[in-house]
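Engineer: Dropping a prediction and its sequence here:
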Amino acid sequence: MHYQIPKGLFDILPYTDEPWRLTSAWQHLEKVFHKVALDYGFQEIRTPIFEHTDLFARGVGATSDIVSKEMYTFRDKGERLLSLRPEGTSSVLRAFIENNLGSYGNIHKLYYVGPMFRYDRPQAGRYRQFHQVGAEVLGVPSAEQDAEIIDMLLEFFVRLGIKNTTIYINSIGDIESREAFRKAFHSFLTPFIPKLSKESQSRLEKNPLRILDSKDPEDQALLKNAPSILDFLSPLCKDHFQKLCSSLDRIHIPYQINPKIVRGLDYYNKTVFEIASSDLGAQNALGGGGRYDDFTSLFGGPPLPGTGFSAGMERILQTMLKQNLPLPTCKPIFVFLIPLGERAKEAAFSLTTQIRHLGIPAEIDLEVKKLQTSLQRANRLHACFAIIIGDREIETKILRLKNMHQCSEEEISWEHLTPLLQNKWKESHVQRM
Ligand code: HAM
């Protein structure tokens, strides 16, 4: 039986001709994000990859595309209705309330890295299992907190070397602001209903705000003169938005105000934002997020303001590739041993074990066929040194340490090898990479 990976999924591999699928590239991204998160005062949270379906229906919204069309939902053997998580925020909030993290203080800064699942039409930049890095702050209502979140996401991109990003910000206000906008928007759209796309027509009653981010060109044209939600903000929401803009100005973060950014998840209020890359195609959002002050009450917790973002790792890596940014290859093996013959194999095996027990990355070729092939493998593993061991080396107890980068060799007695390697390892930049 010949199996193939399900549609919209991909493997992350130690070696491949598609550099964005290299494990080392993913590890690099994760490492940079862990450091950014630490620098901004966040701590990691890990939640399961599936939850009760109702959690997402309530959190993300039953009428959202994510919940109504894109969830992987199944019944387990106990007839419970469960779904693979389509996003991280709902799970973080569930875990926060369930584990009573609120009792540990009044401000909580949590971040996560992991796979998410959405049954969507696969295309460039859109997968059915994709990966997000994300951050959520609970307990801080101020606009500076939104600015910090935007700065943090941008800083992550900057540290990766990503250029040509645009930050779009908007405010979708509170329930009252949205209600006022909804009425005006509905009156504006009513004469055009027959011209709207089918999708937008069905959104008109259920979730009219989402019409604003319709990708349909005719909808886009109709929306040119649509009212702007920013003109319907309550005084409190207007003040919050102005403070967000001035906070971003103060820390020199460039942004564009785009009243059409509404986001596809229902939990937001006030601030919403997206960071897009001009080097991606139709799916150009590298990340997005916003404020969600009523979320915890939705889940029966005490009201707690929240704000956060998440970003798609696949799109980040693909942008890096487009921009010719170097993606790291696998970490090098420090020393590669090549035994020639059975007697050498026994001795080299003990030696390799000794080296590894010192915490030095070492590999041995236990199936030497041709010396050339073994050396090629040493090169593929980016080995710094190679040692070829044959009968002569066993008899003389003298080894030749081949420097793979400088193509030089030095002789060393068997008993001095491990101390020498230890010194070289300490001095080497390899272990610091
Ligand atoms: P989202 O906009 O649905 O927000 O997803 C965030 C990012 O995940 C997108 O900008 C995109 O880079 C990536 N992404 C989404 N769907 C896919 C897909 N099918 N394939 C590849 N990448 C994808 C959220 O998920 C919110 N939880 C963000 C948030 C956190 N808001 C507040 N806190």
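Structural biologist: Perfect, I can see it now.
Engineer: how about stretch 6-25, does it reach the ligand?
Structural biologist: No - using C-beta under 6 Å from any ligand atom, we find that stretch 6-25 stays clear of the ligand, coming within 7.9 Å at best. Backbone N, C-alpha and C define where each C-beta goes, glycine included.
Engineer: and that stretch, how far out from the chain's middle?
Structural biologist: 15 Å (C-alpha atoms, centre = their mean, to the nearest Å).
Engineer: Which element, helix or strand, includes Glu274?
Structural biologist: strand 271-277 (DSSP states H and E).
Engineer: Moving along the chain from that strand, name the first helix or strand you hit.
Structural biologist: As the chain continues past strand 271-277, the following element, by DSSP H and E, is strand 285-291.
Engineer: Sheet partners, orientation included, of that next one?
Structural biologist: Neighbouring strands of strand 285-291 in its sheet, by DSSP bridges, are strand 271-277 (antiparallel), strand 306-312 (antiparallel).
Engineer: Just the buried residues of the first one, please?
Structural biologist: Neighbour counts using 16 or more other C-beta atoms under 10 Å place 271-277 of strand 271-277 among the buried residues.
Engineer: And those residues, which is closest to the ligand?
Structural biologist: Proximity of those to the ligand, judged by C-beta to the nearest ligand atom, is greatest for Glu274, which lies at 6.6 Å.
Engineer: Please tell me how far the closest one sits from Lys163.
Structural biologist: 17 Å (C-beta to C-beta, to the nearest Å).
Engineer: can you check Lys215 too?
Structural biologist: 25 Å.
Engineer: Which one's more surrounded, those two?
Structural biologist: Lys163 (12 against 9; other C-beta atoms under 10 Å).
Engineer: Any idea what the nearest residue to Ala383 once chain neighbours are set aside is bridged to?
Structural biologist: Counting by C-beta to C-beta, 6 or more residues apart in numbering, Phe336 is the residue found nearest to Ala383 once chain neighbours are left out, at 3.9 Å. Beta-bridge pairing for Phe336 (DSSP bridges): Glu363, Ala386.
Engineer: got a list of what Phe336 touches?
Structural biologist: Phe336 sits next to 362-365, 374, 377-378, 381, 383, 385-387, 404 when contact means C-beta atoms under 8 Å, 6 or more residues apart in numbering.
Engineer: Recalculate using a threshold of 10 Å.
Structural biologist: By C-beta atoms under 10 Å, 6 or more residues apart in numbering, the residues touching Phe336 are 352, 361-365, 374-375, 377-379, 381-388, 402, 404.
Engineer: and the gap between it and the ligand?
Structural biologist: In this view, Phe336 and the ligand are 38 Å apart by C-beta to the nearest ligand atom, to the nearest Å.
Engineer: separation between that residue and Ile389?
Structural biologist: 11 Å.
Engineer: Also Tyr72?
Structural biologist: Tyr72 is 52 Å from Ile389, by C-beta to C-beta.
Engineer: do Lys402 as well
Structural biologist: From Lys402 to Ile389 the distance is 11 Å (C-beta to C-beta).
Engineer: Spit out the residues that contact these two alike.
Structural biologist: In contact with both Lys402 and Ile389: Ile338, using C-beta under 10 Å, 6+ apart.
Engineer: was I right about Ile412 contacting Thr396?
Structural biologist: No - with contacts defined as C-beta atoms under 10 Å, Ile412 does not count as touching Thr396, sitting 11.5 Å away.
Engineer: tally of neighbours for Trp341?
Structural biologist: Let me fix one detail, which is that residue 341 is Gly and not Trp. Neighbour count for Gly341, taken as other C-beta under 10 Å: 14.
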